[in-house]
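*Asks:* Output the structure for:
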Amino acid sequence: MRDAEIVTEAGKQSQRLKTIDISYDEKKSRVTLKFPEEIPTAQNAVLTVSFTGILNHEMAGFYRSEYKSAAKDTTAFHDGQNHHMFSTQFESSDARRAFPCMDEPNLKAELTLSLEVPEDQTAISNMPVKETKKSSREGWKIVEFEKAPKMSTYLYAWAFGDFEYIEDHTKRSYQGKRLPVRVYTTKGLKNQGAFALENAHKVIDLFSDVFGVEYPLPKSDLLCVHEFAAGAMEHWGLVTYRTTAVLFDEETSDQKYKNQIAYVVAHELAHQWFGNLVTMDWWSELWLNEGFATWVGWYAVDKLYPDWNVFGQFVCEGGQTALTLDSVRGSHPIEVPVKDALEVDQIFDAISYLKGSSVIRMLAAYLGEDTMLKGVSNYLKKHAYSNATTNDLWSALSSASGKDVNSFADNWVRKIGFPLLTVTEHSGHISVKQSRFLSTGDVKAKDDETTWNVPLIIKTSAQSTEHTTATLTTKKETINNIDGSFYKLNSDTTGFYRTSYPPARLAKLGEQKDQLSVEDKIGLIGDASALAISGDSTTTALLGLLESFQDEKSYLVWQQILISSLGTIQAVFDQDAKISEGLRKYVLKLVSPAVERVGWKFDKSEGFLDAQLRALLIGVAGLAGHEAIIKESMKQFKEFNAGNEKAIHPNLRSAVFKIAVKNGGSEAYEAVKKDFKTTTGVFNKEMDLQAMGNIKSTELATEHFNWMYFSVSQSFPESMISRS
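*Replies:* Numbering: from 1, shown residues only. Just a heads-up that it's a prediction; the model follows:
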């Protein structure tokens, strides 16, 4: 900062004061301006600051990204090897890296921005371009943007580079106009943004209707950024994404990535209302942004692609992950005290996102989805262009539902952990006891002081259409009129808790699996595996349950069985060679009938999830030692490396490469490494890295580590973490 002055106006009098000292607190990223006298009280004051910033390469503040251009006619900045684009990333407190500001979420401001950039570069920001004029510098231009609405500093954004875009418009009108929606990329990549664009304008219309609040800005842009520390960032009107969250090549990309892109697009656009229009008052309530955007992001994808069964996916990948992480003593509540904004990055984790969204989903099931969304709409309207707290949301939901949401939800948000419900059967009724669940199984009295309000929602009919609804508000309660022929707690696994059944009941539910929803099955298996690990049940009971699913047709259920449950059990016994070999044989026996049933051939008429099931089963069976699968995988891998890129179906690339590396030794490893270096597909690079992790020899492992550490970490700088 070079200098600063403040001009105050009080009535007809004005006063101008210049700073006499500027000091810095580097640790807190704060600057103090000292003036020669006390600043008088005034109706209006204007602070003018002259400063110089740093254009960094740290993926924070205003920074540059390096990339290899996909276009030959690029005009991008370059250093001889790499091209560069320039963009911002301000969440949570990095706007202050780019310009002096009151960099806190409840100090909202209106920004007017002008950028001076080379004439052959494209500049974009939160708002549309107001005017472009020539600069006094030869070959440069000044791009001025429309004034932005009142928003928190972390939501401001700008970017410039050798960009191109594809465009569509919303189908509904906003103030008499259909809104332009664009996906921007560096040159040569724009067509890979088509799937993201197709989803974006639909999601904007959907949320405008669902929330009862129209999208408030005059345009919506999505920008692909080559080096990005998060999954995406919800800047108002200009959402930025890492390449793997927005680009999709219909010819070469695995279809499973469509699911990822659709969800991330929906999640970030949900923030345009929940986070941007209404912002949490302080970072301790980050979950208000992220938990809700996660749930409603899946809600949107479910509306757009009902055949994907995304809430089954949410239970498997989101809910079960959150339950696992929240079952350790070192977890933290959803809502965490944050003393300084510089500490907030520590809580951008699965508890804020996944437990937060799981509690929102449980609350939606408890209140009713329509009632939940009505309350959210009222919340958004009341606090628009302002800040709000968790209690503000609870008040809106209480008003819409007529229930005391604060009392119901408080412990779920502000207390650590979740309950285990232990079921005891009696004639005509059951008793249910709640206690804190820990994966270590050693719950002490001090661990078990919380009593949660638990919505039970019990399936009680053989047709799974009838339910008993009860709320467990004490440590132990009796539920009457339960038919012992069939019942299951936590219908559709909407509740955030684990359930322990008597062994005979668990086995019977396995036999009655056809009466359970996909979400029920995932929850049942997830609970059984977690209880086996904690010692509250046995591994034998889990394996017995899984055998009843040998003829299962659902990809999501198989994903829970093979990746989440058996994968975890195998990891637990990894150091015991005898048990590990026994588990390998068990997995091979379990999946062989299923993989032989689905085969290798893709049918254009089959569903999205059917294709994912084939890829999962082939990958697991091959890695478990299925001889026919290994033989076919090595054949396809050899043809692929001989130049026939169509030898491997894009959906099976990951599975075949993993099997080849595990069984093909150094030759296969080097072939995958070569592919990593030459492929232009962003997903292919990711799959290559995953495949190379299946090496088996010590020599290759050492070579791979050195290559990863000294080469990939510098030549492939995109972070592998995913925060959005």
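
*Asks:* OK, contacts around Gly263?
*Replies:* Slight slip there: residue 263 is Tyr, not Gly. Shown in contact with Tyr263 (C-beta atoms under 8 Å, 6 or more residues apart in numbering): 297-298, 301, 310. C-beta: built from backbone N, CA, C; applies to glycine.

*Asks:* Tell me how far it lies from Ala245.
*Replies:* With distances taken as C-beta to C-beta, to the nearest Å, Tyr263 is found 9 Å from Ala245.

*Asks:* Could you do Leu590 as well?
*Replies:* Counting by C-beta to C-beta, the separation of Leu590 from Ala245 is 34 Å.

*Asks:* who's more crowded, these two?
*Replies:* When Leu590 and Ala245 are compared for neighbours, Ala245 comes out ahead with 28 against 23, by other C-beta atoms under 10 Å.

*Asks:* any idea how far that one is from Gly161?
*Replies:* Taken as C-beta to C-beta, the span from Ala245 to Gly161 is 18 Å.

*Asks:* Likewise for Ala530?
*Replies:* To Gly161, Ala530 is 47 Å away according to C-beta to C-beta.

*Asks:* tally of neighbours for the closest residue to Arg30 other than its chain neighbours?
*Replies:* Leaving aside its sequence neighbours, Arg30 sits nearest to Tyr24 (C-beta to C-beta, 6 or more residues apart in numbering; 7.4 Å). When counting by other C-beta under 10 Å, one arrives at 11 neighbours for Tyr24.

*Asks:* Same check on Thr440?
*Replies:* 11.

*Asks:* Once you drop chain neighbours, what's closest to it?
*Replies:* Nearest to Thr440 is Ser534, by C-beta to C-beta, 6+ apart, at 6.7 Å.

*Asks:* How much space separates that neighbour from Val443?
*Replies:* Distance, Ser534 to Val443, using C-beta to C-beta: 9 Å.

*Asks:* ditto for Ser208
*Replies:* Relative to Val443, Ser208 is positioned 47 Å away (C-beta to C-beta).

*Asks:* Quick check: the gap between the residue nearest to Asn259 when sequence neighbours are not counted and Arg614.
*Replies:* Spatially, and ignoring its direct neighbours in sequence, Asn259 is nearest to Trp308 (6.4 Å; C-beta to C-beta, 6+ apart). With distances taken as C-beta to C-beta, Trp308 is found 16 Å from Arg614.

*Asks:* mind listing what the residue nearest to Glu37 when sequence neighbours are not counted touches?
*Replies:* Counting by C-beta to C-beta, 6+ apart, Glu37 lies nearest to Leu17, which is 6.9 Å off, once chain neighbours are set aside. By C-beta under 8 Å, 6+ apart, Leu17 lies in contact with 5-8, 35-37, 39.

*Asks:* Which one of the residues you listed is nearest to Tyr63?
*Replies:* Nearest to Tyr63 among the contacts of Leu17 is Glu5, at 29.4 Å by C-beta to C-beta.

*Asks:* Could you pull up phi and psi at the closest one?
*Replies:* For Glu5, the backbone dihedrals (degrees, to the nearest 10) come out as phi -140, psi 160.

*Asks:* wait, doesn't Ala528 sit right on Leu506?
*Replies:* Yes - in terms of C-beta atoms under 8 Å, Ala528 counts as a neighbour of Leu506; the distance is 6.5 Å.

*Asks:* Which residues are in contact with each of the two?
*Replies:* Contact criterion C-beta under 8 Å, 6+ apart; residues bridging Ala528 and Leu506 by contacting each: 537, 541, 545.

*Asks:* Out of these, who's the most crowded?
*Replies:* Going by other C-beta under 10 Å, Leu545 tops those with 25 neighbours.

*Asks:* Could you pull up the residues touching the closest residue to that residue other than its chain neighbours?
*Replies:* Among residues not flanking Leu545 along the chain, Gly510 sits closest, at 4.6 Å (C-beta to C-beta, 6+ apart). Listed by C-beta under 8 Å, 6+ apart, the contact set of Gly510 reads 524, 544-545, 547-549.

*Asks:* Surely Gly510 is within a strand?
*Replies:* No - read with DSSP: H, G, I helix; E, B strand; the rest coil, Gly510 is helix and lies in no strand.

*Asks:* Distance of it relative to Val598?
*Replies:* 22 Å.

*Asks:* again with Thr8
*Replies:* Thr8 sits 74 Å away from Val598, going by C-beta to C-beta.

*Asks:* Surely Pro100 is in contact with Val49?
*Replies:* Yes - taking contacts as C-beta under 8 Å, Pro100 lies within contact range of Val49: 4.9 Å.

*Asks:* okay, and the common contacts of those two?
*Replies:* Met1.

*Asks:* buried set for whatever helix or strand Glu198 lives in?
*Replies:* Under the criterion of DSSP states H and E, Glu198 resides in helix 194-211. Residues 194-208, 210-211 are the ones in helix 194-211 that count as buried (16 or more other C-beta atoms under 10 Å).

*Asks:* Have a look at this structure and report its longest helix.
*Replies:* Identified as the longest helix of the chain according to DSSP state H is helix 653-678.

*Asks:* what's the offset of that helix from the middle of its chain?
*Replies:* Its chain's average C-alpha position is 29 Å from that of helix 653-678, according to C-alpha atoms, centre = their mean, to the nearest Å.

*Asks:* what do you get for stretch 205-214?
*Replies:* Centre-to-centre, stretch 205-214 and its host chain are 22 Å apart (C-alpha atoms, centre = their mean).

*Asks:* And the contacts of it?
*Replies:* Residues outside stretch 205-214 that contact it (C-beta under 8 Å, 6+ apart): 170-172, 174-175, 215, 269-270, 272-273, 277, 296, 299-300, 303-304, 373, 376-377, 380-381, 384.

*Asks:* Produce a PyMOL select command limited to the buried residues of those.
*Replies:* Buried members of the contacts of stretch 205-214, defined by 16+ other C-beta under 10 Å, are picked up in PyMOL with:
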select buried, resi 170+174+215+269+270+272+273+277+296+299+300+373+376+377+380
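
*Asks:* what about Glu285, how many neighbours?
*Replies:* Neighbour count of Glu285, defined by other C-beta under 10 Å: 25.

*Asks:* Pop out the phi and psi values for it.
*Replies:* Here is the backbone geometry of Glu285 (degrees, to the nearest 10): phi -110, psi 30.

*Asks:* Show me the contact partners of the longest strand along the chain.
*Replies:* Ranked by residue count, the top strand of the chain under DSSP state E comes out as strand 163-174. The contact list for strand 163-174, computed with C-beta under 8 Å, 6+ apart, reads 85, 121-122, 124, 178-187, 190-191, 193-194, 197-198, 200-202, 204-205, 208-209, 214-215, 221, 223.

*Asks:* Is Ala628 in a helix, a strand, or coil?
*Replies:* helix.

*Asks:* And the pLDDT at it?
*Replies:* Per-residue pLDDT puts Ala628 at 98.

*Asks:* and it, how many neighbours does it have?
*Replies:* With other C-beta under 10 Å as criterion, Ala628 counts 13.

*Asks:* distance of it from Val656?
*Replies:* From Ala628 across to Val656, the span is 14 Å (C-beta to C-beta).

*Asks:* Return the residues in contact with Trp298.
*Replies:* Contact analysis of Trp298 by C-beta under 8 Å, 6+ apart lists 263, 266, 310-311, 313-314, 318, 357.

*Asks:* Mind doing that once more with 10 Å?
*Replies:* When the contact criterion is C-beta atoms under 10 Å, 6 or more residues apart in numbering, the partners of Trp298 are 262-263, 266-267, 270, 308, 310-311, 313-314, 318, 357, 361.

*Asks:* same thing with Asp527?
*Replies:* With C-beta under 10 Å, 6+ apart, Asp527 has these contacts: 320, 323, 420-421, 437, 489-490, 493, 497-501, 506, 536-537, 542, 545, 565.
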